[in-house]
Every structure is written in structure tokens, then in C-alpha cells.
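S.K.: here's my sequence, what's the structure:
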Amino acid sequence: MYRQGGITPSRKDRLILFSSDESTQGVLRESWPAIWKSPILFRALTLGLAPGLLCPAICFSQDSSRSGSPGRANAAAEAQQAFAANCAGCHGLDGKGGERAPDIVTRPNIRQLSDAQLFEIVQKGVPRTAMPSFSYLGDPALRSLVAHLRTLQGNPKPAKLPGNPRQGQLLFFGKGGCSNCHMIRGEGGFFASDLTRYSRGRPPEAIHNAIVFPNRELDPRNRTVVVTLADGKTIEGIARNEDNFSIQLLTPDGAIHLLDKSTVSSLVYRNESPMPADYGTRLSPAQIDDLVNYLDSLSREGVKKDGNKEDEDED
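M.R.: Down below sits the predicted model:
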């Protein structure tokens, strides 16, 4: 009989049997020599950490010893451990979703995002969602998370977008009239949202649909509000602030109207966006592709300026 730190084989058996399922127990039994030799894994197990989170590290530890490229195997093991520690709690160890977060392995709108876009998502999070920022992990760790996600996805290659981003920029600030309401990098209007980072975390299809079908999945905060005053005058815009007694209305000319509800004749909330709904006919399919490519390129350029690796196949 042998001992290590006062832990006997009988204690080992109790630790293994404490596992929640037979498959995990089997992995732990087969991997006990690796656990025994690794102070980190051994201590984690004796402290009662979830065996399900330890198994990936154990298996990769074994693979590393058999691999002809230890450095690459170690990097893969570290990436999987980082994913298990930071992502699996919501997305699942296999990345196929859980109760807290969606499937990020098989969903087409996630698979087709570029590495740069995925990096920016994990680095900065997604506003108004449960996806937090993981910038505190550092850029190398975030790149390893993206690499591991690509491994789970089967290393899909993002499709090259149709359209010309330069032509899309000309449309945005010209014929398309987008800059009358939207701003990009400080240039344009401020009636509607700033689109500088709009494409972050959004697949091209979502950008396309937002242009062609602005009333689909409309955010209630962006719906049109029509106020009729006591004198019959109407004011149409977007509510920026509202309570039981007053409403602040932003109109397309950039003016903000502070209105007392007691002086208002009627207040109507339309389930439609102030954005024109005829871009699908006003612009050609090629022009819409140009716009989508331009907006998508802003996210790629933003990541590049932050010093992160750009996708090699991007324009």
C-alpha cells in the first residue's frame, strides 16, 4: 500500500465513487496516475471540484504525453481548460448550449463569424445580454478560447461576404441616406443608433435583415412615438426618457422635446421603426450587399486597430 499526503487508495476509491456518473468514474479510474502526479489536479479533486471540469484537463494531459508535439498539445489543453472554466458554465462543455446561454457550435450565425469578431465578443461582451466581457483574461487567453471554439465547431471557414465595402461606405453617406440618422466614427446624425460597432456579434444575415426588414424583431425602445398636443400639432420621434408624468421625445431634426403628459392630447406608440422600410426596393440587392459588407468591415477594422489578429482572408 502506498500513500501521498495521507491519502490512501481507499480514499482514492471514495473520491472516484463520489463522481456523479459511471462514465466520469471510468475516466477518473483510468486517469488516476495522471492525477496522482499532478499536484494541481490532485488538489482540485480532493477539494471537491466538479470532476466534469477536471476530465478535459486529464484527458488532454494524457494526450500530451503521447503526442509528438508537446507544445501544441499543451496549448490545446490550456485552451480547453480555459473554456471549461469560463464558458462551459453557460454554453456547456461541448459549446452546444445550456440553460443560461445558446449553442455556439452548430448555429450558423455563430459559425460564420470571423475569428476577429469572435475575439471582440469575448473581449468586450455583448451589450444588453448575459454575455460578459472577459478582457481581464488577456489577449492570448482570449485567442486560445476562440481557437478552442473553432475546434468544437470543426474549424469552419467563414464565408467571404459579397459586396464592396468601399461602395457601401459611399452609399451610407450618400444615396442611401443612412448618415442622416446614423453615425459612424463621429460622422453622421444622432437620431438613430451609432453603427460604428453595430456588426460586433451580429452575423451578416442579421445586418441584412435589419436593413430590409427594420420592423422585424423591433426593440420597443426604438419604436415610433406620435404625440398630439392640445392645439392639434403632432410631434413624431423616439422616446428617450419617459415616466408617468412626462416624456422626452427625440425628433429626426435632432431636437429633444420635453413634454408634460397632462398637456398632451394623445400619445401613440407605433410598432414600427422610424427607419424607412423600403430599402429592399429602393436599393438593388448588390447595393444592399455593399452596405452589409461595409458595416461588417467596421467590426473587423475595429479589432485590427486594437492590435488583435486580423482574419487572413479578409479584404
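S.K.: flag the shaky bits of this protein, pLDDT-wise.
M.R.: With pLDDT under 70 as the threshold, the chain has low-confidence stretches at 1-73, 155-159, 201, 300-315.
S.K.: domain parsing of it, as residue ranges.
M.R.: As assigned by automatic domain parsing, the chain contains the domains 9-153, 220-270.
S.K.: I figured Gly98 hits Cys90, correct?
M.R.: Yes - contact status for Gly98 versus Cys90: in contact at 5.8 Å, counting by Cβ atoms under 8 Å. The C-beta positions use only the backbone N, C-alpha and C, and glycine is treated the same way.
S.K.: would you map the helices across the stretch 1-150 of the chain?
M.R.: In the stretch 1-150 of the chain, the helices defined using DSSP state H, counting those that start in this stretch lie at 9-17, 22-37, 39-46, 51-66, 70-86, 88-91, 108-111, 115-124, 139-153.
S.K.: quick one: the longest one to helix 115-124, angle?
M.R.: Angle between the axes of helix 70-86 and helix 115-124 is 50 degrees (criterion: axes from the mean of the first three to the mean of the last three Cα atoms, to 10 degrees).
S.K.: what is the end-to-end distance of stretch 183-191?
M.R.: 9 Å (Cα to Cα, to the nearest Å).
S.K.: other residues contacting that stretch?
M.R.: Applying Cβ atoms under 8 Å, 6 or more residues apart in numbering, the external contacts of stretch 183-191 come out as 172-173, 178-182, 194-196, 237-238, 250-254, 274, 298.
S.K.: so which of these sit within helices?
M.R.: Among those, the members found in helices (DSSP state H) are 172, 298.
S.K.: select only the buried ones of the contacts of stretch 183-191 in ChimeraX?
M.R.: For selection in ChimeraX, the members of these meeting the burial criterion (16 or more other Cβ atoms under 10 Å) are listed in this command:
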select :172,173,178,179,181,182,195,196,237,238,250,274,298
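S.K.: give the pairing partners of the helix or strand where Thr228 lies; include direction for each.
M.R.: Under the criterion DSSP states H and E, the helix or strand holding Thr228 is strand 224-229. In its sheet, strand 224-229 lies beside strand 234-242 (antiparallel), strand 264-270 (antiparallel), with partners assigned from DSSP bridges.
S.K.: can you lay out those as TSV showing distance to Glu78?
M.R.: Formatted as TSV, the entries for the strands paired with strand 224-229 read as follows, by distance: least, Cβ to Cβ, whole Å:
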stretch	distance to Glu78
strand 234-242	46
strand 264-270	51
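S.K.: most tightly packed of those strands?
M.R.: Neighbour counts (mean count of other Cβ atoms under 10 Å) averaged over each of those peak at strand 234-242, with a mean of 15.
S.K.: so what touches that strand?
M.R.: 191, 221-229, 247-252, 256-257, 259, 274.
S.K.: Ala130: how many residues sit nearby?
M.R.: Counted with other Cβ atoms under 10 Å, residues neighbouring Ala130 total 9.
S.K.: ok, it touching Pro102?
M.R.: No - contact criterion Cβ under 8 Å: Ala130 and Pro102 do not qualify, at 10.1 Å.
S.K.: so how far is Thr224 from the closest residue to Phe245 other than its chain neighbours?
M.R.: Of all residues beyond its chain neighbours, the one nearest Phe245 is Lys261 (5.8 Å), with distances taken as Cβ to Cβ, 6 or more residues apart in numbering. Distance of Lys261 to Thr224, given as Cβ to Cβ, to the nearest Å: 18 Å.
S.K.: the two - which one has more neighbours?
M.R.: The residue with the greater number of neighbours, taking Lys261 and Thr224 and applying other Cβ under 10 Å, is Thr224; the counts read 18 against 13.
S.K.: which ones are touching the more buried one?
M.R.: Contacts here follow Cβ under 8 Å, 6+ apart; on that basis Thr224 touches 236-238, 269-270, 272-274.
S.K.: kindly recompute the last result at 6 Å.
M.R.: By Cβ atoms under 6 Å, 6 or more residues apart in numbering, the contact list for Thr224 reads 270, 272, 274.
S.K.: same check on Val226?
M.R.: Val226 sits next to 236, 268 when contact means Cβ under 6 Å, 6+ apart.
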